[in-house]
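Trainee: need the 3D shape of this:
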Amino acid sequence: MKQSFLSAGLVLAAAAVTIAAVSKPAKHLTPQRVAEVNALSDSNPDLARVSVAISGVSKVRTVSDGRKAVLEMIREFRFPTAFNPPAAPKEALAGKTNQDGVYPITPTTPTEFETLNTGWTITLTTKARGGLVEVYGVADFVEVDLIAGGYGALSGPIITDQGVLITPNRLDLPKSKTTTTRFHVFALPGESYDVTLYRGTKAEKHTVTVAAE
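Mentor: Numbering: from 1, shown residues only. Below is the predicted model of the structure:
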């Protein structure tokens, strides 16, 4: 029994040595690492035109002279902004009903609409720094919920005197929330870098990849 435990221990120890031999330690930012990156960037040509890709969003080609470019992954959300008020025939003043015992009512009716872009809109500013590309990003995530938005003299459900619902007469409008995350990357072309962007309160990992065009 002791010999079995001893053999197992030797196997585990050997495995640990093997793992340690093949594992690559992460490079910390040291003066040597800064010099290495400087040397790599010095060996790259000037980067007049580049592409920037953000995982899970999209990719854009741009000029690295401080201009702005936009990446989007959006869905259009259309919602009403103007309405006709509910209407009832004059007969309703006298308490008359149709054969179903209810008043013929026209509920609040939308007449004009606007559109919100929901999802990701990321504005990038890129500048060539020798063989590096400086990327400054402003990532906006827009989310929308519908909430009751009707108020005033003709808002709310319309019911008969007997309490029968004729129409809910709902007027729902969007409640939008924009979460903005800013980030900055000194990128070596061809390499990918992890960034954290926020979808509301939820942190998401994305990668930024810059390539020469």
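
Trainee: going forward, measure contacts between C-alpha atoms and count neighbours the same way
Mentor: OK.

Trainee: contact partners for Val195?
Mentor: Going by CA atoms under 8 Å, 6 or more residues apart in numbering, Val195 touches 183, 205-208.

Trainee: if I look at it, how far off is Trp120?
Mentor: 15 Å (CA to CA, to the nearest Å).

Trainee: what do you get for Met73?
Mentor: Taken as CA to CA, the span from Met73 to Trp120 is 5 Å.

Trainee: repeat that for Gln162.
Mentor: With distances taken as CA to CA, Gln162 is found 49 Å from Trp120.

Trainee: neighbour count winner among the two?
Mentor: Remark: of Gln162 and Trp120, Trp120 carries more neighbours, 23 against 7, as counted by other CA atoms under 10 Å.

Trainee: which helix or strand contains that one?
Mentor: Assigned by DSSP states H and E, Trp120 falls within strand 109-129.

Trainee: partners of the next helix or strand after that strand, with directions?
Mentor: Following strand 109-129 in sequence order, the next helix or strand is strand 132-148 (DSSP H and E). Its sheet considered, strand 132-148 pairs with strand 109-129 (antiparallel), strand 172-187 (antiparallel) by DSSP bridges.

Trainee: would you tell me which one of those is buried the most?
Mentor: Greatest average neighbour count among the strands paired with strand 132-148 goes to strand 109-129 (a mean of 17), per mean count of other CA atoms under 10 Å.
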